[in-house]
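Asker: quick one, structure for this:
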Amino acid sequence: MRILIAALLATASIFSPLNSWAQSADVEATIKAVDAKALSFTLDDGKIYKVPEEFNFEGLKAGVKVLVFYTVVDGNRVVDDLEIVQ
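Answerer: Next up is the predicted model:
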């Protein structure tokens, strides 16, 4: 499952437009809420992270600890990669 998510996110990141001010970062936290309709999830840090349309939400729910690699684009945190922490 991780490989599928990573492949989808890698493909989406190639086609997503990034401006010159984009900053990459990562965070390890617990999922607070998942909103598949809005293509986003909220971590326990209170911040919202957007995902590409092809993103598979399988296995993601409140209480799951994740490591999220993201880029800040126009003030939005866009997920580049995600790993479930065991």
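Asker: how near is the closest residue to Tyr49 other than its chain neighbours to Gln86?
Answerer: Of all residues not flanking Tyr49 in the chain, Arg77 sits nearest, at 4.7 Å (Cβ to Cβ, 6 or more residues apart in numbering). For the C-beta atoms, the positions are set from N, CA and C on the backbone; glycine is no exception. Arg77 sits at a distance of 23 Å from Gln86 (criterion: Cβ to Cβ, to the nearest Å).
Asker: give me the more crowded residue out of these two.
Answerer: Arg77 (20 against 4; other Cβ atoms under 10 Å).
Asker: which of the helices or strands spans that one?
Answerer: In this assignment (DSSP states H and E), Arg77 forms part of strand 76-84.
Asker: for that strand, packing partners?
Answerer: helix 2-15, strand 48-50, strand 65-73 (3 or more Cβ pairs under 8 Å, 6 or more residues apart in numbering; DSSP states H and E).
Asker: what does it contact?
Answerer: Residues outside strand 76-84 that contact it (Cβ atoms under 8 Å, 6 or more residues apart in numbering): 2, 5-6, 9-10, 13, 16, 24, 47-52, 55, 59-60, 64-72.
Asker: run through the residues that contact the residue nearest to Val27 when sequence neighbours are not counted.
Answerer: Excluding the flanking residues, the one nearest Val27 by Cβ to Cβ, 6+ apart is Val68, at 5.3 Å. With contact taken as Cβ under 8 Å, 6+ apart, Val68 is in contact with Asp26, Val27, Glu28, Ala29, Leu43, Tyr49, Val79, Asp81, Leu82.
Asker: could you measure from Val68 over to Leu39?
Answerer: Separation of Val68 from Leu39 (Cβ to Cβ) stands at 14 Å.
Asker: same question for Asn76.
Answerer: From Asn76 to Leu39 the distance is 11 Å (Cβ to Cβ).
Asker: now for those two: what residues contact both?
Answerer: Lys50.
Asker: Leu67 touches Glu28, doesn't it?
Answerer: Yes: using Cβ atoms under 8 Å, Leu67 is in contact with Glu28, at 4.8 Å.
Asker: now do the shared contacts for those two.
Answerer: Residues touching both Leu67 and Glu28 (Cβ under 8 Å, 6+ apart) are Val85.
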